[in-house]
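Visitor: Sequence first, then the predicted structure:
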Amino acid sequence: MTLSTAEVLRGAGLRVTAGRVALLETVREGDHLGVEAITAGVRDRVGHVSLQAVYEALHALTAAGLVRRIEPAGSPALFERRVGDNHHHLVCRSCGAVADVDCAVGEAPCLTASDDHGFSVDEAEVVYWGLCPRCSVSDSS
Ligand SMILES: [Zn+2]
Ligand SMILES: [Zn+2]
């Protein structure tokens, strides 16, 4: 049985509000959405919410580990529901398309730095930059 969105929020110790439920569902159905797209999705579901409220909810959900925030260089922050697996991202330099990619070798090998300088590492962020199929086609024509 899959948990309802409200149960997921409650399970993470968060207060359940219509706005947070709508936000989590928007992020889950989307694919690395920016704040504007998330705000539009939340408004579709529950009517008007302020941008400030969306930022606050995103912050709470990210802090609770329900949503992951990625921020490729030069791109606005993007949010996704796939958390906890330390997966990586392919980012198109031309159109900004983002795709998920699993860790190259089994389980989060990137967590083992060749020299951790005494840091206790819990996350590695890898971004593969290039051109998405659509952009490489239009590039070569
Ligand atoms: Zn592209
Ligand atoms: Zn992702």
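Guide: Everything's here; your move. Ligands and ions are numbered 1, 2, ... in the order given.
Visitor: C-alpha only now, for contacts and for neighbours.
Guide: Will do.
Visitor: can you list the residues of this protein near ligand 1?
Guide: Contacts of the chain with ligand 1, taken as CA under 5 Å from the ion, map to 92, 94, 95, 132, 135.
Visitor: Any chance of JSON lines for those, columns pLDDT, secondary structure and distance to residue 124?
Guide: Output for these, formatted as JSON lines (pLDDT from 0 to 100; DSSP: H, G, I helix; E, B strand; the rest coil; distance: CA to CA, whole Å):
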{"residue": "92", "pLDDT": "95", "secondary structure": "strand", "distance to residue 124": "20"}
{"residue": "94", "pLDDT": "93", "secondary structure": "coil", "distance to residue 124": "24"}
{"residue": "95", "pLDDT": "93", "secondary structure": "coil", "distance to residue 124": "24"}
{"residue": "132", "pLDDT": "96", "secondary structure": "coil", "distance to residue 124": "23"}
{"residue": "135", "pLDDT": "95", "secondary structure": "helix", "distance to residue 124": "28"}
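Visitor: can you give me the helices for this protein?
Guide: 5-11, 18-29, 35-46, 51-63, 133-140 (DSSP state H).
Visitor: beta partners of residue 127?
Guide: With beta bridges defined as DSSP bridges, residue 127 has these partners: residue 89.
Visitor: Can you tell me the number of residues neighbouring it?
Guide: Here the number of neighbours of residue 127 (other CA atoms under 10 Å) works out to 18.
Visitor: surely it meets residue 91?
Guide: Yes: counting by CA atoms under 8 Å, residue 127 touches residue 91, with 6.8 Å between them.
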